[in-house]
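Novice: Give me coordinates for this.
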Amino acid sequence: MDFIELEFGLQRREADSYTAELRISRPDSDAETREFSRLLTDKIDIRTLHEHKFDVDAHGRLLSEFLFADPKVKTAFAEARALADASNAPLRLRLLVGPSAPELHGLYWEALRDPDDGSPLFTGERILLSRYLSSADWRPVRRRSKTELHGLIMIASPTDVTSYRPGGRPLAALDVGAELARAKAGLEGIGCAELASGGTATLDGLMRHLRDGCDILYLVCHGALIEGEAWLWLEDEAGKARRVAAGELIQRVSELRNAPALVVLASCQSAGGGDDARTSDGGALAALGPGLAEAGVPAVLAMQGDITIATMVKFMPIFLRELQRDGQIDRAVAAARGAVRDRDDWYAPVLFMRLRGGSLWYKPGFEEGAQLRNWPAVLRQIQNRHWTPIIGPGLTDSLLGSRREIAQRWAETFHFPMAPYNREYLPQVAQFLAINQRASTFPQNELISYLRSDLLARYRDELPDELHECKADESFADHLSRLISTIGAQRRKRNPAEPFAVLARLSLPIYITAAQNDLITDALRDIGKEPHVDFCRWNDELLSLPAIEPDFRPDPQHPLVYHLFGRLTHPESLVITEDNYFDFLIGMKKNKDFIPAVVKRALADSGLVFLGFQLDDWNFRVMFRAIMDQEGGRGRRAMYAHVAAQIDPEEGRIIEPRAARAYLESYFTESAISIYWGSPDDFARDLLKRWEAGSV
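Specialist: Now for the predicted structure:
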C-alpha cells in the first residue's frame, strides 16, 4: 500500500510560541516533496486546553484553531489531503513534537478537528495519525516476516491490589481469564508466550522473555501518576504487588539487544462496574509511551487518560484484527478508533511510532510472485555438493549486535570527530581508533573486550558459573569464543531452523565465512562432523601461523570452514579497519596463492549463497568484487544458480524500498545472482522445509 506522507513538526520558539515544520512527500516521486517552516502567530493556551480535557469537542476545536490559524499551514494540509485523495491513497500524518516542547505531549491531538467542517480528523482510515518520536537509540529497526513473529501477553493482577488507592480510588482485581482470552483472540496466528498473573507477571520474567525475542508485547497492568512520575503495579514471585517505576522499565528495555517492535499498554479497571467503569491509571501508561520509544521500541500504543472499559473491550479486538491484515500499525489504530467513534472517549488511544514505513512486519518479496524461482537448481546443486555458503556477520546480529551498532557505540565512547553519517560504518570508526590510540591492533582488542563484556552483562543469568570469569591461563579472545559457543548452542537447541544448524545439516564440503566467530564450526560438530578451520593470511605477520595442508581435500564429514576476514581466537587476523580492508584487497591482487586453491575452486566452480549481508553495504561490495575477480571463475560461475538472501531494506536506511529492490536486482543480474527477498532466517526455514520434503 502506498501512502502520501505529511510530517508535521512542532518546536518551541519562545514562551508560548511555536514553529511548525511541514514536509509533504509521496514515495514514488522525489519531485513531489515540499518542505517549509512557519512561525505560528497564534499563541497556544495550554492552561485552557487542560481545562477542556473533559470536553473533547472543545479541546479538539481549540487545537485546530491554534494549528491551522496560519493560512499557509492550512493550505499545505489541504494540498496533502487532496494529493492523497487524487492518488486514492491514505494520508499518513506524523506529528513530531520536538524535545523543546514536551508540554505538547499532554494534549489530545487525536481529537483534532477538520479546519473546514469541524468534524474529527482521525476517526477513519483516510488520514492516519501517529506521534512520531525520534530516538538516539543505535539499534537498527529490523522487521521480520509475519510467520516469524513472536508475542508476549503479560497480565499483572497482584493478590493484594485492592489495598492500593492511588488518587483515592481503590484498584480492582482483574478478570485475568477474560483479559487473556481477549488478547489471545486478537493475536491468533502469532505464537505468544503468556505471563498471566499468579506470580508470573514479574519484571524479571518480562525481561527474560523479551531477551529471548519478542515482537509484540501486550501488557495489562495497573498504573498511576504519583507526584509526576509514572508507576506500574506488577507482581513479585509470590503474586503480591511490586510497584515498578516507569523509568526502571524504560532503562531495562533500553539495555536489550532487540527491543519489541510493538508494545500495547492496556490499562486496568478501577473499583466499580457497569458501562461507566473506567481504567484507573490517570494517563500513567500513556506517559510511559514516549519513554519506551526513546528506549528503542519502534511503536507503542497506550491510552491517554482514563478510558471506559466498554471502549477498551470494543477497541482492542478490532485493532489486533486489523493489525493482522497488513501489519500497518497506524491504519489498524485508525480502523479501531473509527469503530468506537460513538463513545465519549474515542480519542483515548494514542500511538507513538518511529517506524517510517508504519509496518510491523515485511512481506518477503514485497509483493506476490517476487520470491526465488530457481529453488530446483539450488536444491540439485546441494545434492551434488556444488553449493558453497558464504556467511556474513549479519547472521549473528541478534547475538553480538550489528556492525553499525558497534560503530555507533565506539563513536560515542571515543568521541569520533568525523561526519555523522560515518559514525555507523565500523571500518571508518575502527580506523579512527587505531590512529587515535597509536596502536594498529587496538580496534581488534577493543572488539574482543567489548563483545565479551556485552555478552556477560546480557546472558550472565543463563551461563554456567565457570563461564562468568576467564580461566587463569585463558585470554579474553578464548573466553569470548567459549561464551559465543555456549550461547549459540542454547539458541540452536531452542530453534531447529536456526540458520547455522540448517547449514550444518547439509552435505557440503566447504563453508566460507566473513563472520569472525566459530558458530558454523560449532554447529557442524554438534552433529558429529569434524570440520577443519583456517583463515585468510592477508598480511605478512600471519604467514607464520599454521595453515591447512596444501593437499587437504574437504568432504561433507570433514568440511573446511574458511574465515575470509579473520577469526576471533586470533585477534591479529581480524579485518576491521579501512587499512585492513585495503591490505586485504592489495593482497588479493598481488598474491595468487593468497587464498587456498581448494577455496578458489569452490568460489569458481559451485553455486554460491550469500547469507547475513546487507547487499547495499560497502563492506559486502568489496568482498563481492574480490570473489567475482577470482581468476578463471567468470565463465564457470555462469553454469550455477547463485543466491543472496536480502531482508526487506532496513527501516530508516532506504527511502524507497521498491526502487532499492530494482537497483539491487539490476546490480546483481550480470553475475547471475538471484535475490531471495527475505531474511537469512526466512531462507533457512524455507530451505529446510524444501530439503526435508525432497522437492527438487
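Novice: which residue ranges form the strands in the stretch 501-650 of the chain?
Specialist: Ranges of strands in the stretch 501-650 of the chain, per DSSP state E, counting those that start in this stretch, are 510-513, 532-535, 560-563, 607-611, 642-645.
Novice: what packs against the longest one?
Specialist: It stands for strand 607-611. When contacts are defined as 3 or more Cβ pairs under 8 Å, 6 or more residues apart in numbering; DSSP states H and E, strand 607-611 sits against helix 375-383, strand 387-391, helix 618-628, strand 642-645, helix 680-693. To be clear about C-beta, it is placed using only N, CA and C from the backbone, and glycine gets the same treatment.
Novice: list the buried ones in the first one?
Specialist: Think helix 375-383. Residues 375, 377, 378, 379, 381, 382 are the ones in helix 375-383 that count as buried (16 or more other Cβ atoms under 10 Å).
Novice: for the residues you listed, which one is nearest residue 494?
Specialist: Residue 494 lies nearest to residue 382 out of those, by Cβ to Cβ, at 25.1 Å.
Novice: per-residue pLDDT, that closest one?
Specialist: Confidence at residue 382, expressed as pLDDT, is 93.
Novice: how near is the spatially closest residue to it that is not a sequence neighbour to residue 263?
Specialist: Leaving aside its chain neighbours, residue 382 sits nearest to residue 506 (5.7 Å; criterion: Cβ to Cβ, 6 or more residues apart in numbering). Distance, residue 506 to residue 263, using Cβ to Cβ, to the nearest Å: 38 Å.
Novice: In terms of pLDDT, where does residue 285 sit?
Specialist: 73.
Novice: Spatially nearest residue to it, not counting backbone neighbours?
Specialist: Spatially, and ignoring its direct neighbours in sequence, residue 285 is nearest to residue 265 (4.1 Å; Cβ to Cβ, 6+ apart).
Novice: Which of residue 506 and residue 263 has more residues huddled nearby?
Specialist: residue 263 (26 against 17; other Cβ atoms under 10 Å).
Novice: and the helix or strand where that one lies, which strands flank it?
Specialist: Taking DSSP states H and E as the criterion, residue 263 maps to strand 262-266. Next to strand 262-266 in the sheet, as set by DSSP bridges, lie strand 216-220 (parallel), strand 299-303 (parallel).
Novice: Please enumerate residues in contact with that strand?
Specialist: 179, 215-220, 285-286, 288-289, 292, 297-303, 312, 316, 329, 360 (Cβ atoms under 8 Å, 6 or more residues apart in numbering).
Novice: just the strands in the stretch 201-350 of the chain please.
Specialist: Using DSSP E, counting those that start in this stretch, strands in the stretch 201-350 of the chain cover 216-220, 222-226, 229-235, 241-245, 262-266, 299-303, 349-353.
Novice: and the fourth one, what other elements does it pack with?
Specialist: Packing partners of strand 241-245 (3+ Cβ pairs under 8 Å, 6+ apart): strand 229-235.
Novice: Need the helices and strands packed on strand 607-611 in a markdown table (columns: distance to residue 483).
Specialist: Conversion of those to a markdown table gives the following (distance: least, Cβ to Cβ, whole Å):
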| stretch | distance to residue 483 |
| --- | --- |
| helix 375-383 | 32 |
| strand 387-391 | 19 |
| helix 618-628 | 25 |
| strand 642-645 | 27 |
| helix 680-693 | 22 |
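Novice: Go through the ones you listed and name the closest to residue 354.
Specialist: Closest among the helices and strands packed on strand 607-611, once you apply Cβ to Cβ, is helix 680-693, at 23.5 Å.
Novice: Run the angle between that closest one and helix 375-383 for me.
Specialist: 80 degrees (axes from the mean of the first three to the mean of the last three Cα atoms, to 10 degrees).
Novice: for helix 680-693, the distance to its chain's centre please.
Specialist: 22 Å (Cα atoms, centre = their mean, to the nearest Å).
Novice: For that helix, buried residues please.
Specialist: Those would be 680, 681, 682, 683, 684, 685, 686, 687, 688, 690, 691, for helix 680-693 by 16+ other Cβ under 10 Å.
Novice: Ok, stretch 417-424 next?
Specialist: 422, 423, 424.
Novice: if we can go back for a sec, list the residues that contact the residue nearest to residue 382.
Specialist: 382, 387, 691.
Novice: Which strand residues bridge the second one?
Specialist: Which is residue 387. residue 607.
Novice: how far away is it from residue 604?
Specialist: Distance of residue 387 to residue 604, given as Cβ to Cβ: 14 Å.
Novice: More neighbours: which of those two?
Specialist: Between residue 387 and residue 604, counted using other Cβ under 10 Å, the more crowded position is residue 387 (26 against 18).
Novice: Tell me how many other residues crowd residue 401.
Specialist: Residue 401: 23 neighbours (other Cβ under 10 Å).
Novice: let me redo that: residue 529
Specialist: Count around residue 529 with other Cβ under 10 Å applied: 17.
Novice: which non-adjacent residue is nearest it?
Specialist: Of all residues not flanking residue 529 in the chain, residue 557 sits nearest, at 5.8 Å (Cβ to Cβ, 6+ apart).
Novice: My understanding was that that neighbour contacts residue 532; is that so?
Specialist: No - using Cβ atoms under 8 Å, residue 557 makes no contact with residue 532, being 11.0 Å away.
Novice: And for residue 415, the neighbour number?
Specialist: Burial of residue 415 is recorded as 9 neighbouring residues (other Cβ under 10 Å).
Novice: which element is it on?
Specialist: Under DSSP H and E, no helix or strand contains residue 415.
Novice: so how far is residue 620 from it?
Specialist: Noted for residue 415: a distance of 28 Å to residue 620, by Cβ to Cβ.
Novice: do the same with residue 476
Specialist: In terms of Cβ to Cβ, residue 476 sits 28 Å off from residue 620.
Novice: Of the two, give the one with the bigger neighbour count.
Specialist: Each of residue 476 and residue 620 has its neighbours counted (other Cβ under 10 Å); residue 620 has more, 19 against 16.
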